[in-house]
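A.B. asks: Got a sequence here, can you build the structure:
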Amino acid sequence: MKEESVRIPCGELQLEGLIAVPVGATPARGAVICHPHPQYGGSMYNNVVEAALEAMWQLGMATLRFNFRGVGASGGEYGGGAGEVEDAKAAMRFLLAREGVAGQGAAMLGYSFGAAVAMRAGAELAEVDTIVAIALPIVMGDFSAAGQSGKRIVLIAGDRDDYCPAHALEALARRLGPAAILKLIPGADHFFGGFENRLCGALRELIATR
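C.D. replies: Numbers count the residues shown, from 1 in each chain. As a prediction, this is how the structure comes out:
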């Protein structure tokens, strides 16, 4: 799907992003995708972000990927996580205001650091009904409160991920309760090198099942 460059307002900042909206008579569900850690080279141009985009496009969804504050051409500087949550919420509001995008039933996705952001931002937005955390870095906090949001929560990781150990992710899924769906991809580590197609297929299947 063809993407268009956009500038996303977030308070006094402007964030750069790429938006894609399918052409159709019926408004498309929206999906925002959050990238990995800005201080370790993370940006919207990432193999996992692109695998997630492909899955959303195959489902006919409108997408917005963007750079967090201080990354690429986005204004500001690293916000310690809290600022990035505000970025993600601003990105979702921007996408849902776009013509051709449904105002409800959206998905907030994130990879690694972006997954931690998505868990928090997605839980706070009424328009979001699905949160997708790819390779969630468990050590970054307690995410069990997201289970009280009433959202469907998809947890997906490789079974060789040292930053998101399978046993810790399984324990989180239990704490989140029946809203959580857990998928482990055999052989994949935190970076999903060579496993992008499997990740794309798993995301497509899990998000299509509503």
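A.B. asks: C-alpha from now on. contacts and neighbour counts both.
C.D. replies: Noted.
A.B. asks: quick one: the strands in this structure?
C.D. replies: When assigned using DSSP state E, the strands of the chain occupy the ranges 4-10, 13-20, 30-34, 62-66, 106-111, 128-134, 152-158, 180-185.
A.B. asks: Quick check: can you name the pairing partners of the fifth one and their directions?
C.D. replies: Same thing as strand 106-111. Counting by DSSP bridges, the strands paired with strand 106-111 are strand 30-34 (parallel), strand 128-134 (parallel).
A.B. asks: Name the nearest residue to residue 147, sequence neighbours excluded.
C.D. replies: With sequence-adjacent residues excluded and distances taken as CA to CA, 6 or more residues apart in numbering, residue 147 is closest to residue 176, at 4.4 Å.
A.B. asks: Flag the shaky bits of the chain, pLDDT-wise.
C.D. replies: Scanning the chain for pLDDT under 70 picks out the ranges 210.
A.B. asks: got the strands paired with strand 106-111 as TSV, with mean neighbour count columns?
C.D. replies: What follows is the strands paired with strand 106-111, written out as TSV (neighbours: other CA atoms under 10 Å):
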stretch	mean neighbour count
strand 30-34	30
strand 128-134	25
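A.B. asks: Dump those strands into TSV; add distance to residue 86 as well.
C.D. replies: Rendered in TSV, the data for these read as follows (distance: least, CA to CA, whole Å):
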stretch	distance to residue 86
strand 30-34	12
strand 128-134	15
